[in-house]
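*Asks:* Sequence and predicted structure, then a few things I'm wondering about:
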Amino acid sequence: MKPSFWFIQALLIPISFSLSWAGVPAEKARAILEAGNLRFAEGKALAHSWQTGNVAKTGALGQTPSVAVLTCADSRTPPELIFDMGVGDLFVCRNAGGFDTPEVNATFEYGVAALGVHTILVLGHTKCGAVTATLEGKPVPGNISLLTKALQPGIEKIHQEHSDLSKADQLNQAVEALVRYQMMEVIDRSPLLQKAKAEGKLQVVGAVYDVETGRVRFLE
Ligand SMILES: [Zn+2]
């Protein structure tokens, strides 16, 4: 597939420096995120060089993040780094496993209603410990059971549907299934987000980050 103009543009010139999300339509968001991830994975990240300018700009003018991210708390998956974004670029919610809660949902509602967020990205990742623990189904101490209980509905059919696969491949299937499940949950739980989506003001996209290669794969 031929790279889009926006992908090339975003590869060459960091988004925060050149355009700012404020003027970027939703249909271009994925190309810009992909380009930032490519810069990161190839060791050509540029965001650090314009952070100071972003602090001054967003501090004076306010934030217009446009893209919200739901992802895992895993220390290997910081969205700003892996998409080569800067201060003011992404509106991020994280917890172990990357799942919707009433508070996460309210945060996204705020992003859409008040900040102009037009894209919610649900980002899973390979080798996720929270998903692994949920798949294994063993007892966990303390409040950790809150996490596995929350993740369980998104991956409960993995054992049945993929019984022929190795544990590692089952985990990959579970990570992707969880992303797709959370993409639905975020919208299903919120009439405000449903309305925004129905009116074409919001899109929800899913992707999986590979902790070994640094690359993000968007789900179709
Ligand atoms: Zn994780």
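*Replies:* Nice, thanks for sending it over. Numbering: from 1, shown residues only.
*Asks:* What residue, apart from its backbone neighbours, is nearest Leu121 spatially?
*Replies:* Among residues not flanking Leu121 along the chain, Val69 sits closest, at 4.8 Å (C-beta to C-beta, 6 or more residues apart in numbering). C-betas here are computed from N, CA, C, even on glycine.
*Asks:* next one: the strand or helix carrying Leu135 to chain centre, how far?
*Replies:* Assessed by DSSP states H and E, Leu135 sits inside helix 129-136. Chain-centre distance of helix 129-136: 19 Å, with C-alpha atoms, centre = their mean, to the nearest Å.
*Asks:* residue ranges for the helices of the chain, please.
*Replies:* Counting by DSSP state H, the chain has helices at residues 5-12, 15-18, 29-41, 51-61, 79-82, 102-114, 129-136, 144-155, 158-161, 167-188, 191-198.
*Asks:* tell me which parts of the chain are close to the ion?
*Replies:* 72, 74, 128, 130 (C-beta under 5 Å from the ion).
*Asks:* Widest-spaced pair of the residues you listed?
*Replies:* Asp74 and Ala130 (8.1 Å; C-beta to C-beta).
*Asks:* The two: which has the busier surroundings?
*Replies:* For the pair Asp74 and Ala130, the greater number of neighbours falls to Ala130 (22 against 19), based on other C-beta atoms under 10 Å.
*Asks:* these two touch, right, that one and Gln152?
*Replies:* No. Look at Ala130 against Gln152 with C-beta atoms under 8 Å: they stay out of range, at 11.0 Å.
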